[in-house]
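Asks: sequence first, then the predicted structure:
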Amino acid sequence: MADAPNSDEIWKFVESKKQKYFDLSDEIWATPELNFEEYRSSAVQPAALEVEGFDVQRGVAGLPTAIMATAGSEGPIIAFLGEFDALPDHSQEAGIAEHAPTTQGAPGHACGHNLLGVGSIQAAVALKDYLEKEGLPGRVRYYGCPAEEGGSGKGYMARAGLFDDVDAAITWHPSSFVGVGNPITLSCNEINFNFVGKSSHAASSPHLGRSALDAVELMNVGVNYMREHMPSRARIHYAVTDTGGHAPNVVQARATVRYVVRGGDPVELKSLVARVMKIAEAAAMMTETSVSHRVLTGEASMLGNETLEHALFGQIERLGPPQFSEEDRAFAQKIQETFSTADVKAAYANVGLKPKVDVSLADELVPPRNTTPTMVGSTDVGNVSWIVPTVEMRGATHAIGTPGHSWQITAQGKSPAAHKGMEHAAKAMACTGLELIQDGELRRRVQEEHRRLLEETPFLDPIPDDAFPDLPAHRAK
Ligand SMILES: [Zn+2]
């Protein structure tokens with residue numbers, strides 16, 4: 001962008017330290033760890049923050065890999081949210097356009113969270129640098145949030161009150177496109193149902209046995225009939241995580257099925273979960289087994305904030321799209337050849353842009369609420385968004401159309417394009433943070449919108465009071 005206002009001090013702060021964060025992101029890429037087990041990925045972050053003068057608290061909200069770091073002692077608090085967990089079975093060599101796991105079956109950064117956490121640190125540090133240089137009041141906080149992928153790390157951090165004093169929260173996600181994320185996600189609970197029956201010889205004394213596996217099967221049948229009578233945006237998925245053993249001639253005395261229930265908002269979710277619970281109890285009654293359940297996670301749908309989304313978009317517009325090189329585009333094109341044009345078209349449709357088939361990396365900007373996507377997932381950023389006004393940016397870090405949670409994302413996670421997309425996101429986020437600190441009127445409007453939305457729909461935390469995080473120590477059931 002020849003005519004972009006490069007004089008912007010914050011951009012310069014981001015640029016001056018960028019190599020450090022490219023290296024940190026690559027380091028986290030190289031140690032992919034699953035939810036709540038991100039020991040190494042979490043341990044490398046405090047050093048990067050402490051050297052910048054942040055006061056770092058480790059293990060916050062009872063989560064060993066969660067971090068909260070603050071710089072500054074007075075003024076509004078701007079939060080940057082980071083993630084750093086990887087996905088199972090997505091190990092992949094970097095920088096090549098063919099499926100080649102580095103370690104078969106090992107985790108990999110197939111959602112780009114190596115970039116997500118570090119990009120947020122990069123934004124937090126640049127904003128801190130600027131406030132320090134100008135002697136402006138304002139507090140910058142980085143939240144290192146574990147277990148986004150099926151752990152609700154932020155949900156448990158929110159429930160512990162860690163966001164209560166924050167004025168606004170800013171985050172981003174690696175993406176095919178650059179712009180403002182659409183605050184439309186589903187509320188979600190992940191629940192284990194444990195059935196207990198009575199073991200017996202399946203041939204000589206079947207009448208004395210009561211099968212927990214039968215109960216799981218009947219529960220699944222019941223829920224599958226329920227599907228027809230749910231709101232169309234609701235989703236339910238299940239996996240049988242314990243079949244009760246591998247011996248058909250033994251009546252299975254125990255079995256566990258894990259459900260993921262998703263609804264449009266926390267209220268709708270609650271009613272769907274109540275129906276699924278009823279079906280579980282009915283299945284237990286039919287089979288003369290007993291059932292107990294444990295809620296593992298709860299993710300709230302996103303509560304958007306249009307004022308904040310437009311402020312972020314203004315900063316993204318000032319930057320323009322990231323400046324990718326010919327080599328960046330050529331590699332992205334090779335990656336695109338590994339999936340179909342349907343993937344590319346779906347990616348464009350998802351953000352409401354007109355599809356282009358000859359563009360491999362983002363060259364245009366996605367304005368706030370450009371479309372209403374119908375196929376959406378869930379994120380624990382939602383839990384934060386009900387506590388404080390929250391905005392999520394999309395940063396263009398991979399080839400357009402790259403499927404989510406794919407080996408292709410792992411393959412692109414250390415590429416120069418990924419680094420550029422992360423740096424770009426850090427600049428836009430840091431500038432939005434500064435705008436919020438400097439512009440009291442903007443802050444007031446953002447908070448007013450948040451208050452109004454909460455008045456219309458009070459927050460219902462999808463994490464029940466008695467739920468506890470699914471830390472490795474609690475994993476058995
Ligand atoms: Zn993700």
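Replies: Structure's in. What do you need? Not measured: the values here are computed from a predicted model. Numbering: from 1, shown residues only.

Asks: just the strands in the protein please.
Replies: Along the chain, counting by DSSP state E, strands occupy 55-58, 67-71, 77-83, 139-145, 168-175, 178-180, 187-196, 235-242, 254-263, 290-299, 365-366, 390-396.

Asks: off-centre distance for stretch 54-65?
Replies: Stretch 54-65 has its average C-alpha position 19 Å from the chain's average C-alpha position, going by CA atoms, centre = their mean, to the nearest Å.

Asks: list the contacts for Leu471?
Replies: Neighbouring residues of Leu471 by CB atoms under 8 Å, 6 or more residues apart in numbering: Phe36, Leu63, Pro64. All C-beta atoms are positioned from the backbone trio N, CA, C, and that covers glycine.

Asks: please repeat the previous calculation with a cut-off of 10 Å.
Replies: The contact partners of Leu471, by CB atoms under 10 Å, 6 or more residues apart in numbering, come to Asn35, Phe36, Glu37, Gly62, Leu63, Pro64, Thr65, Pro146, Ala147, Gly151, Tyr156.

Asks: from these, which single one is nearest Val388?
Replies: Set against Val388, the nearest of these by CB to CB is Tyr156 (16.1 Å).

Asks: please verify my assumption that that closest one contacts Cys145.
Replies: Yes. When contacts are counted by CB atoms under 10 Å, Tyr156 is listed as touching Cys145 (9.4 Å).

Asks: point out where this structure drops to low pLDDT.
Replies: Screening the chain residue by residue with the criterion pLDDT under 70, one finds the ranges 1-7, 476-477.

Asks: quick check: domain ranges of it?
Replies: Here the chain is described, according to automatic domain parsing, as comprising the domains 9-185+302-456, 187-296.

Asks: Phe193 contacts Tyr238, correct?
Replies: Yes. Between Phe193 and Tyr238 there is a contact at 8.9 Å, judged by CB under 10 Å.

Asks: hey, what's in contact with both of the two?
Replies: Counting by CB under 10 Å, 6+ apart, the shared contacts of Phe193 and Tyr238 are Val216, Met219, Val257, Arg258, Tyr259, Val276.

Asks: list the contacts for the last one?
Replies: Meaning Val276. For Val276, the contacting residues are Asn189, Ile191, Phe193, Met219, Gly222, Val223, Met226, Ile236, Tyr238, Tyr259, Val261, His293, by CB under 10 Å, 6+ apart.

Asks: and the first one, by the same measure?
Replies: Listed by CB under 10 Å, 6+ apart, the contact partners of Val216 are 193-195, 238, 240-244, 252, 254-257, 280, 283, 287, 289, 291.

Asks: neighbours of Ser175, how many?
Replies: For Ser175, the count of nearby residues is 26 (other CB atoms under 10 Å).

Asks: with adjacent residues omitted, what lies nearest to it?
Replies: Arg394 (3.9 Å; CB to CB, 6 or more residues apart in numbering).

Asks: and what of Ser385?
Replies: If the residues on either side of it in the chain are set aside, Ser385 comes closest to Leu303, at 4.4 Å by CB to CB, 6+ apart.

Asks: now the one you found: how far from Thr256?
Replies: For Leu303, the distance to Thr256 (CB to CB, to the nearest Å) stands at 33 Å.

Asks: what of Asn224?
Replies: Using CB to CB, which is the criterion applied here, Asn224 is 18 Å from Thr256.

Asks: neighbour count winner among these two?
Replies: Neighbours per residue, other CB under 10 Å: of Asn224 and Thr256, the larger number sits with Thr256, 21 against 12.

Asks: which residues are in contact with Cys431?
Replies: Applying CB under 10 Å, 6+ apart, the residues near Cys431 are 8-11, 14, 123, 126-127, 130, 311-312, 314-316, 318-319.

Asks: let's see it at 6 Å
Replies: Shown here is Cys431, whose contacts under the criterion CB atoms under 6 Å, 6 or more residues apart in numbering are Ile10, Gln315.

Asks: swap in Ala169?
Replies: For Ala169, the contacting residues are Ala79, Leu81, Val384, Val388, Thr390, by CB under 6 Å, 6+ apart.

Asks: Pro355 too?
Replies: Lys345, Tyr348.

Asks: what distance do you get for it to Pro472?
Replies: According to CB to CB, Pro355 stands 43 Å off from Pro472.

Asks: leaving out sequence neighbours, find the closest residue to Val240.
Replies: Val257 (5.1 Å).

Asks: cool, and Lys20?
Replies: Nearest-residue entry for Lys20: Ala48, 7.3 Å, with adjacent residues in sequence omitted and distances by CB to CB, 6+ apart.

Asks: what about the one you found, how many residues close to it?
Replies: The criterion is other CB under 10 Å. On that basis, Ala48 has 22 neighbouring residues.

Asks: kindly report the same for Arg254.
Replies: 19.

Asks: also Ile184?
Replies: 16.

Asks: how near is it to Glu299?
Replies: When CB to CB is applied, the distance between Ile184 and Glu299 equals 13 Å.

Asks: for Gly377, same thing?
Replies: Distance of Gly377 to Glu299, given as CB to CB: 9 Å.

Asks: same question, Val60
Replies: Counting by CB to CB - Val60 and Glu299 are separated by 19 Å.

Asks: report the contact partners of Gln45.
Replies: Gln45 is in contact with Ile67, Gly144, counting by CB under 6 Å, 6+ apart.

Asks: repeat for Ala426
Replies: Contact criterion CB under 6 Å, 6+ apart gives Val14, Gly119, Gln122, Ala123 as the residues in contact with Ala426.

Asks: Gly245 now?
Replies: Neighbours of Gly245 in contact, by CB under 6 Å, 6+ apart: Gln252.

Asks: what of Gln408?
Replies: Counted by CB under 6 Å, 6+ apart, Gln408 has contacts Ile335, Thr402.

Asks: follow-up on the earlier one: separation between the residue nearest to Ser175 and Ala428?
Replies: Here the criterion is CB to CB. By it, Arg394 lies 10 Å from Ala428.

Asks: over to Leu434?
Replies: With distances defined as CB to CB, the gap from Leu434 to Ala428 amounts to 11 Å.
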